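> below are the sequence and a predicted model; questions follow.
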Amino acid sequence: MMVACHQPNFLPWPGLFFKAMQADLLVLLDDVQFPLGGSWVNRNRLKNDQGELWLTVPVWKRGRGLQRINEVEVCEDFDWRRKHLLSLEHAYKNAPFWREHRDFLMEIYQQRWQHLVELNLQILEYFRLCLGISRPFLKSSRFALAGKGSERLASLCQMLAADSYLTVSSSRKHLDEAVFARHGIKVVYYTYTAPVYPQLWGDFRANLSLLDLLLNCGPKSAEITAGVGRILPC
């Protein structure tokens with residue numbers, strides 16, 4: 001069995017879902033440290049008539065010290081949810097598949113979220129179903145994991161009875177393959193190429209949120225996402 005991992009990002013890009021399509025299980029690393037600087041965990045890019053449309057979920061950082069992702073709380077001091085929804089409607093109301101996904105967007109932005117991860121998990125689940133990925137994603141916090149880095153990931157694979165771990169080729173320099181080997185886990189790498197597809201608003205922009213792909217390409221999004229990467233020979 002092949003396992004892959006990824007942080008539970010906000011409105012993530014197609015690369016996360018390519019990995020989920022190739023692996024038998026995708027584990028969301030919700031109990032690792034929330035980055036102190038800018039992070040894809042609480043923001044992502046889409047596209048509008050001005051170019052890039054950045055959507056950021058405000059979170060509490062000051063005075064919180066180092067936080068795990070699943071501890072981060074959403075800041076509701078201003079109506080960011082209404083701002084997001086209006087920005088999306090302005091940018092995508094003429095997209096071919098806006099109506100198919102509008103109800104979901106209305107639903108998530110009408111709720112008040114205490115923890116960021118709760119919002120992200122609901123979006124990830126919706127995207128998973130849109131792409132026809134059959135296996136639900138797991139959270140790393142459900143396992144009693146020790147260690148850091150490669151040791152932690154290899155232990156997770158072992159707990160899941162996996163024999164291989166899938167990761168993007170650019171992570172090769174950060175992994176200790178010897179640690180995985182000691183656990184009987186083979187590391188499998190893949191390459192990623194940003195898909196090109198029809199978009200609104202002028203010149204194509206790569207590596208946007210999967211939402212941009214869904215709103216522009218609808219049911220074809222699964223086929224497009226499946227083609228963004230290639231498993232490298234071992």
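Thanks, I have it.
> which other helices and strands contact the helix ranked longest in the chain?
The longest helix of the chain (DSSP state H) is helix 116-130. If you count contacts as 3 or more C-beta pairs under 8 Å, 6 or more residues apart in numbering; DSSP states H and E, helix 116-130 packs onto helix 14-22, helix 98-110, helix 210-217. C-beta here means a position set from N, CA and C on the backbone, and glycine is covered the same way.
> now the angle from the longest one to helix 116-130?
With axes from the mean of the first three to the mean of the last three C-alpha atoms, to 10 degrees as the basis, helix 98-110 and helix 116-130 are set at 160 degrees to each other.
> quick one, what contacts residue 121?
The neighbours of residue 121, taking C-beta atoms under 8 Å, 6 or more residues apart in numbering as the test, are 8, 28, 30, 137, 139.
> who's sitting farthest from the centroid in the protein?
Relative to the centre of the chain, and counting by C-alpha atoms, centre = their mean, the farthest-placed residue is residue 182 at 29.1 Å.
> for burial, what's the neighbour tally of the closest residue to that residue other than its chain neighbours?
Counting by C-beta to C-beta, 6 or more residues apart in numbering, residue 182 lies nearest to residue 154, which is 7.4 Å off, once chain neighbours are set aside. Each residue near residue 154 was counted by other C-beta atoms under 10 Å, and the total is 25.
> so residue 154 lies in a helix, does it not?
Yes - assessed by DSSP: H, G, I helix; E, B strand; the rest coil, residue 154 belongs to a helix.
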